[in-house]
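Enquirer: need coordinates for the following:
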Amino acid sequence: MIIRPTRLPPEASPITVHDLSATVNEDATTVTAAAHVDPDGPYLRGHFPGDTVFPGVFLLELLDRAVSAVEPPGTRLVEVESARFTAPARGGDVVRLSVRVPHGLPEVPAVVDATFTGLDGIRLARVRARFSGEGPS
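Expert: Numbering: from 1, shown residues only. A predicted model of the protein is given here:
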C-alpha cells in the first residue's frame, strides 16, 4: 500500500516538534526529534477516550517535519514503503524519532529508515519512507 500524504503547514499540524537536532556526516544527516503526546489535545480527544493513543499518522507527520527541516524547500514525504507499529504511545508519553537522511535530496528520491521510541527506550515503530523534491506523482 502506498500512502501519499498532503503536507500541512507547521501551524496547522496536530503535533509540536521538540528537541529537533541534526548531526551531519560524510554521506548522511542523522535527525532526531521528539513530540509530546498530549491527552487533552483537540486531535486526540476521541482516540481513545480514557486511554489516549498517539495515531500512527502523527508519527508520519513527525518524520516528514524532521526530514524537511534539514533538506531543501520542496522536499517531502512521497511514499511510505513499510510501517510496523510495535507498541502504543499513550497520553503523557514523549515519542522520540531517529532517522538517517542520505545526502542528495532533492535530486534523487531517498529512502529513509526511521525508528520511533518512547522515553523508556521501547521501540514504538519502524518506518521506511521515500522522500523527494518532486512531490507525489
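Enquirer: all the strands of this structure, in order from the start?
Expert: Assigned by DSSP state E, the strands in the chain fall at 17-24, 28-36, 76-85, 94-102, 110-118, 123-132.
Enquirer: got a pLDDT number for residue 100?
Expert: Note for residue 100: predicted pLDDT of 92.
Enquirer: one more: residue 129?
Expert: pLDDT, residue 129: 96.
Enquirer: give me the number of residues near residue 122?
Expert: 12 (other CB atoms under 10 Å). C-beta coordinates here come from the backbone N, C-alpha and C atoms, glycine included.
Enquirer: need the strands of the chain in TSV (columns: distance to residue 42 and mean neighbour count).
Expert: Formatted as TSV, these follow (distance: least, CB to CB, whole Å; neighbours: other CB atoms under 10 Å):
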stretch	distance to residue 42	mean neighbour count
strand 17-24	17	13
strand 28-36	14	19
strand 76-85	23	17
strand 94-102	18	19
strand 110-118	22	18
strand 123-132	22	19
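Enquirer: just for this protein, where's the confidence low?
Expert: Counting by pLDDT under 70, the ranges of the chain that qualify are 1-12, 104-109, 134-137.
Enquirer: give me the distance between the residue sitting nearest the centre point of it and residue 22.
Expert: In the chain, the residue lying closest to the centroid (CA atoms, centre = their mean) is residue 63, at 1.8 Å. Between residue 63 and residue 22 the distance is 14 Å, computed by CB to CB, to the nearest Å.
Enquirer: partner residues bridging the spatially closest residue to the residue nearest to the centre of the chain that is not a sequence neighbour?
Expert: Nearest residue to residue 63 in three dimensions, chain neighbours excluded: residue 114, at 5.1 Å (CB to CB, 6 or more residues apart in numbering). Beta bridges link residue 114 to residue 99, residue 127, judged by DSSP bridges.
Enquirer: look up how far residue 76 lies from residue 114.
Expert: 15 Å.
Enquirer: measure the residue nearest to residue 63 to residue 17 for me?
Expert: Residue 114 sits 14 Å away from residue 17, going by CB to CB.
Enquirer: do residue 32 as well
Expert: Counting by CB to CB, the gap from residue 32 to residue 17 is 11 Å.
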